[in-house]
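*Asks:* Could you work out the structure for the sequence below:
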Amino acid sequence: MIKAVINGQQVEVARGTSILDAAKLANVKIPVLCKHADLEATSACGICIVKVKGSAKMLRACSTLVEEGMEITTHDPEIVAVRRTVLELILSNHPKDCLVCARNQDCELQKLSADFGIRDEYFPSIVDRRQHKFDDSTKTIVIEGSKCVLCGRCVNVCQKHQNVWALSFLSRGINTKLSPAGEINLADSPCVKCGQCSNHCPVGAIVEHDDTQKVWDGLRAEDKYPVVQIAPAVRVAIGEAFGYPVGANLTKKLYAALKRLGFKAVFDTNFSADVTIMEEAGEFVKKLTSKPRELPLITSCCPAWVDFLEKYRGDMVDNFSTCKSPQEIMGVLSKTYYAAKEKIDPSKIFMVSIMPCTAKKYEISRGDDMFSSGYQDIDVSLTTRELARMIKQAGIDFEKLEDAQADSILGHYTGAGTIFGATGGVMEAAVRTAYYMVTGREMPSLELKEARGLKGIKEAELDVAGAKIRIAVAHGLANVDQIINQVARAKAAGKEPPYHFIEVMACQGGCVGGGGQPYGVTNELRKKRAAGLYEDDRQQKERCSHLNPQVQLIYREFAKAPNSEIAHRYFHNKYKKRAAYIK
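*Replies:* Residues are numbered from 1 along each chain as shown. Sure, this is the predicted structure:
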């Protein structure tokens, strides 16, 4: 530990602590624009400058480490004036169309400008912002380069945290701009649509593709029967848009809000997550007991991970679970089983999914398998952020809503379904059911602690009827290579794989940290959102997917058995190797 003085107050911090983080311990808030808690400091914006006694220049608090005996001043009239000038320079090259910007009232630059009382333009723009193109080619995320403040957050997260390398800075100096390499369209780049760039952008330069008008149109159409599903992670994040504590589980208020919006049936993706587990666990047990050379089985619930694997790890396609994601399984059930039960023309069903993820927008049309009902199984996929806007547009007082129930036919879920939203949750849910399928007994302890938490790679060895089952969980795509490379080397050498079952989620923390969740996510928020899901799991009467009575009914009346011919027709899909760059 080392000691320093910040604004006359002595602080003691661990060696290697930045001035920015040390100031927080002294209850001092230094303004930042480029720094994000998830990312390494880049010193790009210059707003966090401070004075250090003995230094002739102002230092950037985000990247300067505290040293023994430092005397630091974080705020005085000169520092405030410099910060104001930096903001004015940034604003001189930034559009002033805040009222029609997707980040209006949720923009870090806008907030800083308000805090510093900036009312006039003091510097003329010397850069032609028209050189920055508008890119909506993926139909999942939108890049509006003219709004980029060159903070580097999106490039950092795309390259270092996701290992995708779809985004970079082109040119130099005042002509620097954000773009995929070669200024190609984002859709032609290695982008996997995870949306982490949009989730970390401080302004409106990268946002989700807004599909809310399609939903309003569907709700208004007289010839449509609008139905909706909500993903596990949405229920513990939506409250942040309405002033609730982070991680508050608002499942039943969400049901009520969706019914108020005009949906004729409200389903829960947790239910179809239970179906996913029946298929995926059954797939794993079959390989484990009769085709061990085909192991490991790798989960396929995350569409950004599916996209990444097809582009970068085509050598592992055969190890991918063929099971569809819960979103897609719910879509096909709504237009087959539900439509038949309720005697509704499936062509009239308008299925909307509320997801924590921008990649889900891509998933709904990624291949012919997403039309297995005979129609597009999911018509529109919205993010948590889009749903929050719709609720506000509808004038719904969210806090005063009385709790409601999901429609029972596709709404009842187990604890296993709800923990899908946290990293390790799919693995934990699958192990609970796989253990039962192998032994005929429930696991002695249902909570797989080794799969929980925010460590980038989690490993465990489990005893299932005397067999040692090795599992691995990775979240954040940069963590995947370490696991997959071990598997590939063993595969090439004809050796037993280091793992039998692998879960991958593209986003850090899993779906609770998805690219469509409320802005400002940090590890602290991820932990609280995940805690809300684990508490929901503990409160459920049934905590294993195979115990869900409605799932059992689905198999009796429709799918016959996990991995049956009918199940494969509707609940499974195919993968293929694809080039990272299209052009």
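*Asks:* does residue 351 belong to a helix or a strand, and which?
*Replies:* Take DSSP states H and E as the rule and residue 351 turns out to sit in strand 349-355.
*Asks:* Mean confidence (pLDDT) on that strand, please.
*Replies:* The pLDDT scores in strand 349-355 average 98.
*Asks:* strand partners of that strand, parallel vs antiparallel please.
*Replies:* strand 225-230 (parallel), strand 380-383 (parallel) (DSSP bridges).
*Asks:* Which helix or strand lies directly C-terminal to it?
*Replies:* helix 359-363.
*Asks:* What is that next one packed up against?
*Replies:* helix 303-312, helix 326-334, strand 380-383 (3 or more C-beta pairs under 8 Å, 6 or more residues apart in numbering; DSSP states H and E). In this view, the C-beta of every residue, glycine as well, is placed from N, C-alpha and C.
*Asks:* So which of the ones you listed is the most surrounded?
*Replies:* Compared across the helices and strands packed on helix 359-363, helix 326-334 shows the largest average neighbour count, a mean of 29 (mean count of other C-beta atoms under 10 Å).
*Asks:* between that one and strand 225-230, what angle do the directions make?
*Replies:* 150 degrees (axes from the mean of the first three to the mean of the last three C-alpha atoms, to 10 degrees).
*Asks:* Show me what helix 326-334 is packed against.
*Replies:* strand 225-230, helix 269-290, strand 349-355, helix 359-363, helix 565-571.
*Asks:* Which one of those lies nearest to residue 330?
*Replies:* helix 269-290 (3.8 Å; C-beta to C-beta).
*Asks:* Following element in sequence after the closest one, please.
*Replies:* strand 297-298.
*Asks:* Please name whichever of the strands paired with strand 349-355 is nearest to residue 66.
*Replies:* Here strand 380-383 is closest among the strands paired with strand 349-355 (C-beta to C-beta), at 38.6 Å.
*Asks:* Show me the shaky parts of this structure.
*Replies:* Counting by pLDDT under 70, the chain shows low-confidence ranges at 127-131, 583.
*Asks:* Could you dump the helices and strands packed on helix 326-334 into CSV with mean neighbour count and distance to residue 490 added?
*Replies:* CSV is the format used below for the helices and strands packed on helix 326-334 (neighbours: other C-beta atoms under 10 Å; distance: least, C-beta to C-beta, whole Å):
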stretch, mean neighbour count, distance to residue 490
strand 225-230, 27, 38
helix 269-290, 25, 16
strand 349-355, 27, 34
helix 359-363, 27, 29
helix 565-571, 18, 28
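*Asks:* Format the ones you listed as a markdown table; extra columns: distance to residue 145.
*Replies:* A markdown table is the format used below for these (distance: least, C-beta to C-beta, whole Å):
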| stretch | distance to residue 145 |
| --- | --- |
| strand 225-230 | 33 |
| helix 269-290 | 34 |
| strand 349-355 | 26 |
| helix 359-363 | 21 |
| helix 565-571 | 41 |
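*Asks:* among the ones you listed, which is nearest residue 133?
*Replies:* Between the helices and strands packed on helix 326-334, helix 359-363 lies closest to residue 133; by C-beta to C-beta that is 20.6 Å.
*Asks:* CA-only coordinates of the closest one, as PDB, when you get a sec.
*Replies:* In PDB, the C-alpha atoms belonging to helix 359-363 read as follows (Å, rounded to 0.1, in the frame of the first residue of the first chain):
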ATOM      1  CA  ALA A 359     -27.100 -10.100 -32.300                       C
ATOM      2  CA  LYS A 360     -30.600 -11.600 -31.800                       C
ATOM      3  CA  LYS A 361     -31.800  -9.200 -34.500                       C
ATOM      4  CA  TYR A 362     -29.400 -11.000 -36.900                       C
ATOM      5  CA  GLU A 363     -30.300 -14.400 -35.600                       C
END
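*Asks:* wait, which of the strands paired with strand 349-355 is closest to residue 441?
*Replies:* Set against residue 441 and scored by C-beta to C-beta, these come closest in strand 225-230, at 32.1 Å.
*Asks:* how about the helix or strand following the closest one: buried residues?
*Replies:* Following strand 225-230 in sequence order, the next helix or strand is helix 251-261 (DSSP H and E). For helix 251-261, a neighbour-count test (16 or more other C-beta atoms under 10 Å) marks 251, 253-261 as buried.
*Asks:* Okay, domains of the chain per the record?
*Replies:* Split into domains by automatic domain parsing, the chain comes to 2-75, 91-208, 213-292+322-446+513-570.
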